[in-house]
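Student: got a predicted structure here, sequence first:
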Amino acid sequence: MGVKEQLIQGLADAGCSAETARRIGTLYESGSYDEVLRQMKVQRCVLIQEMHESQRRVDRMDFLIRNQEKQRQ
């Protein structure tokens with residue numbers, strides 16, 4: 001597997017869409033390394049935002065669980 005294919009596979013494994021991974025792979029292939037890094041950092045920000053949204057949902061679920069437990073007492 002070549003470097004470009006490894007990059008695309010790694011991006012897909014990290015949760016990037018196939019389209020995004022291919023686009024970044026194409027940028028890599030064309031030698032636009034600064035843009036590759038920029039796009040990877042953008043995707044990292046997206047993942048962090050998703051993580052925060054997931055944490056908010058977990059916090060909400062914890063709140064609901066605590067309320068149900070209090071009502072049972």
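Tutor: That came through, no problem.
Student: for stretch 14-31, give me every contacting residue.
Tutor: For stretch 14-31, the surrounding residues in contact (C-beta atoms under 8 Å, 6 or more residues apart in numbering) are 3-5, 7-9, 11-12, 35-36, 39-40, 43, 47, 50. C-betas here are computed from N, CA, C, even on glycine.
Student: backbone torsions only: list them for G25.
Tutor: Backbone torsions of G25, given as degrees, to the nearest 10, read phi -60, psi -40.
Student: show the pLDDT at the closest residue to it other than its chain neighbours.
Tutor: In this structure, G25 finds its nearest non-sequential neighbour in I8, 4.3 Å apart by C-beta to C-beta, 6 or more residues apart in numbering. Listed pLDDT for I8 reads 97.
Student: which element is R44 on?
Tutor: Assigned by DSSP states H and E, R44 belongs to helix 33-72.
Student: model confidence over that helix, on average?
Tutor: The average pLDDT within helix 33-72 is 97.
Student: could I get the helix or strand containing the residue nearest to G25 in CSV with only the CA atoms?
Tutor: Here I8 sits within helix 3-13, counting by DSSP H and E. Output of helix 3-13 as CSV, limited to C-alpha atoms (Å, rounded to 0.1, in the frame of the first residue of the first chain):
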residue,chain,number,x,y,z
VAL,A,3,1.7,6.5,1.2
LYS,A,4,-1.4,8.1,-0.4
GLU,A,5,-3.5,5.0,0.2
GLN,A,6,-2.2,4.7,3.8
LEU,A,7,-3.2,8.4,4.3
ILE,A,8,-6.6,7.8,2.9
GLN,A,9,-7.1,4.7,5.0
GLY,A,10,-5.9,6.4,8.1
LEU,A,11,-8.3,9.3,7.5
ALA,A,12,-11.2,6.9,7.0
ASP,A,13,-10.2,5.1,10.2
